[in-house]
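S.K.: using only what follows, build the 3D model:
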Amino acid sequence: MFTDVDYIQEVYVCKHLKLYFKRIIRQQTDSAHPSAERLAANKEEEVKDIKISDAELEILETLWAAGEALNANEIRGRLNEKKDWERTTVLTLIRRLLDKGVVAQEKREVYYYMPMVARSDYVKGETKSFLNKFFKGNAKNLAAALIEDEDLSGEDIEELRAYFQENFR
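M.R.: Model prediction:
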């Protein structure tokens, strides 16, 4: 039978063990990717309601490709490999992404930015939105439209058939 002192000691030990394990988990996820813990927390979050412009998507693609937090100059440098981006444009786009909750910032010597949404989750949301908007949510109608417009070759169809046979048995 527990006394009040035993109960208080058990609660104290459990609380500290919980904090200890949280710290270990945080260190492991932080070492894998600066935003890994935040990504895991937001994984179930609905992405489909967030509207991302093409320019904002280029910022996100840069962050996803980097696999680590980048500062604004690093983002701009990577973007400038494809086309010339003004510093103010990059900062404006980052601010919009921050406001939408899609990107987080971390203060170090300067601000570093990391995606709060995994690319796969974003793509999944955009795909569902596209299917719903143009094909009433029916993937079969999309495939039929691609075949009718000859956007899928015989080879593409065979690859899809093999994919479906492998993954949906």
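S.K.: so residue 131 is in contact with residue 140, correct?
M.R.: No: when contacts are counted by C-beta atoms under 8 Å, residue 131 is not listed as touching residue 140 (10.2 Å). Placement of C-beta: from N, CA and C, glycine included.
S.K.: more neighbours, these two?
M.R.: The residue with more neighbours, out of residue 131 and residue 140, is residue 131; 15 against 8, by other C-beta atoms under 10 Å.
S.K.: what residues of the helix or strand hosting that one count as buried?
M.R.: Applying DSSP states H and E as the criterion places residue 131 in helix 119-135. Neighbour-count burial for helix 119-135, counted by 16 or more other C-beta atoms under 10 Å, picks out 121, 122, 125.
S.K.: just curious, which of those is nearest to residue 148?
M.R.: Residue 148 has its nearest neighbour among the buried residues of helix 119-135 in residue 125, at 26.4 Å by C-beta to C-beta.
S.K.: for that closest one, give me the pLDDT.
M.R.: At residue 125, the model reports a pLDDT of 89.
S.K.: quick check: it vs residue 141, distance?
M.R.: To residue 141, residue 125 is 19 Å away according to C-beta to C-beta, to the nearest Å.
S.K.: so where do the helices sit in this protein?
M.R.: Remark: helices assigned in the chain by DSSP state H are 4-32, 36-42, 54-66, 72-79, 87-100, 119-135, 139-148, 154-167.
S.K.: any idea of the mean pLDDT for stretch 138-146?
M.R.: Rounded mean pLDDT across stretch 138-146 is 82.
S.K.: could you list the domains of this protein?
M.R.: Annotated domains of the chain cover 4-32, 46-118, 120-167 [automatic domain parsing].
S.K.: just name the most buried of these.
M.R.: Among the domains of the chain, the stretch with the highest mean neighbour count (mean count of other C-beta atoms under 10 Å) is domain 46-118, at a mean of 16.
S.K.: what mean pLDDT does that domain have?
M.R.: pLDDT averaged over domain 46-118 gives 93.
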